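Student: Could you look at this predicted model? Sequence included:
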Amino acid sequence: MSQIKLVTLMLVMMFVVAGCGGEEAADPNKLVIYSGRSESLVAPMIAQFEAATGIEVDVRWGSTGEIAALLMEEGENSPADIIYAQDPAGLGAVANAGLLQPLSEDVLGLVPENFASDDGLWVGISGRARVVVYNTDEITDPATELPADIWGFTDPAWQGKIGWAPTNGSFQAMVTAMRASWGDAKTQTWLEGIIANDPVAYAKNTPTVAGTAAGEVAVGFVNHYYLYRFLSEEGDSFAARNYFLPSRGPGSLIMVSGAGILNTSQNSENAERFLQFMLSVPGQQFFAAQTYEYPLVEGVKTVGGLPPLEQLNNAALDIDVSDYTDLAGTVKMLSDLGVLP
């Protein structure tokens, strides 16, 4: 039996036979999700939720920024029950607009408290580490050839060797964490230093990793899990590997994708069932085995070769996920510097 089928069977047993408890929702067979996570990543899990519960799920796909803006435009007239975001910035914007309802302890208690908002309005679903991907032909000993901190890439020695994706939501979340940790002045100085090194701009993480392996650049600023997709398809000959920056700082940030329930939801019971489903052990195993992300609940193994979450020396130890929600300020800074179109 395949791993995906096994996970599906376990989830069906948990949520159909045992059930999740709670009162019946306003419409027990419907759930509307606005998803800022890509369809290719999370659609299989949503399909498994439908199969396990019999609840029909309607999904609106888009970037996290687009989804957050739409929800704020729709306000109390939104049909959405859940916002499922790529990062806390979009969740924070929706929460700050007063559009999310407090989650129950049955949901919040499933993850460590630093992976949920301080006010209990949203919860992390899976974790992603910021890393430096490097070309293995050009860099043979990353421990000595790469900086210990992301600040080191402002050195002119990296002229023309850096790949980044400044329009990508994860990159912007990292810059937002920089602002929360370093302050705006130091963050702007870092950005100016990288700009001075003439980085190659990519549309998102996937082409950044591909470009690094192809030798277009020596290093790229990406999320950790993209490399594992290439390795699963192309094998160990793929000429790129991840470097987890050993010094604390935003360059080694653990970001979370997360979700919250709209306070106008007509199906809040179903919405809570969905969050419990995603945070169940078999649900988290899907993220670990199929998308190579970090599970946020105990008892779930990560993909081979991925450093355990609790062992990473990263900025999550210093920066609470609720601290990097000012996406608007980050976009303005990037725009003022001419990084964004």
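Tutor: Thanks, I have it.

Student: ok so residue 128 is a strand residue?
Tutor: Yes - under DSSP: H, G, I helix; E, B strand; the rest coil, residue 128 falls within a strand.

Student: Would you check that it makes contact with residue 256?
Tutor: Yes - Residue 128 lies in contact with residue 256 (Cβ atoms under 8 Å); the separation is 7.4 Å. (Glycine included, C-beta is placed from N, CA and C.)

Student: Spatially nearest residue to residue 136, not counting backbone neighbours?
Tutor: Excluding the flanking residues, the one nearest residue 136 by Cβ to Cβ, 6 or more residues apart in numbering is residue 239, at 5.0 Å.

Student: That neighbour: neighbour count?
Tutor: 16 (other Cβ atoms under 10 Å).

Student: same thing with the one 3 residues further on?
Tutor: The number of residues packed around residue 242, counting by other Cβ under 10 Å, is 22.

Student: residues in contact with residue 174?
Tutor: 130, 221, 250-251, 253, 255 (Cβ atoms under 8 Å, 6 or more residues apart in numbering).

Student: all helices of the stretch 1-150 of the chain, in order?
Tutor: 3-12, 39-53, 64-74, 88-96, 105-108, 142-145 (DSSP state H, counting those that start in this stretch).

Student: Same list as before, those helices that is, but in TSV and with mean neighbour count included.
Tutor: Compiled in TSV, those are given as follows (neighbours: other Cβ atoms under 10 Å):
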stretch	mean neighbour count
helix 3-12	16
helix 39-53	18
helix 64-74	19
helix 88-96	25
helix 105-108	16
helix 142-145	11
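
Student: Figure out which of those helices is closest to residue 173.
Tutor: helix 88-96 (5.5 Å; Cβ to Cβ).

Student: do you know how far residue 292 is from residue 141?
Tutor: Applying Cβ to Cβ, to the nearest Å, the value for residue 292 to residue 141 is 25 Å.

Student: Also residue 251?
Tutor: Residue 251 is 19 Å from residue 141, by Cβ to Cβ.

Student: neighbour count winner among these two?
Tutor: The neighbour comparison of residue 251 against residue 141 (other Cβ under 10 Å) goes to residue 251, with 26 against 7.

Student: show me the contacts for the more buried one.
Tutor: So residue 251 contacts 130, 132, 149-151, 174, 221, 245, 315 (Cβ under 8 Å, 6+ apart).

Student: same thing but at 10 Å, please
Tutor: 130-132, 147-153, 174, 177-178, 190, 221, 243-245, 314-315 (Cβ atoms under 10 Å, 6 or more residues apart in numbering).

Student: just residue 154 next, same as before
Tutor: 147, 162, 189-197.

Student: 8 Å instead?
Tutor: 189-190, 193-194, 196-197 are the contacts of residue 154 under Cβ under 8 Å, 6+ apart.

Student: Quick one: the strands in this structure, in order.
Tutor: 30-35, 56-61, 82-85, 123-135, 162-164, 200-201, 219-223, 240-243, 254-261, 294-295 (DSSP state E).

Student: what about those strands, which gets the closest to residue 340?
Tutor: That would be strand 200-201 among the strands of the chain, by Cβ to Cβ, at 10.1 Å.

Student: Tell me the gap between that closest one and the middle of its chain.
Tutor: 22 Å (Cα atoms, centre = their mean, to the nearest Å).

Student: for the closest residue to residue 275 other than its chain neighbours, what are its contacts?
Tutor: Spatial nearest neighbour of residue 275, excluding adjacent residues (Cβ to Cβ, 6+ apart): residue 107 at 4.9 Å. Residue 107 sits next to 123, 272, 275-276, 279 when contact means Cβ under 8 Å, 6+ apart.
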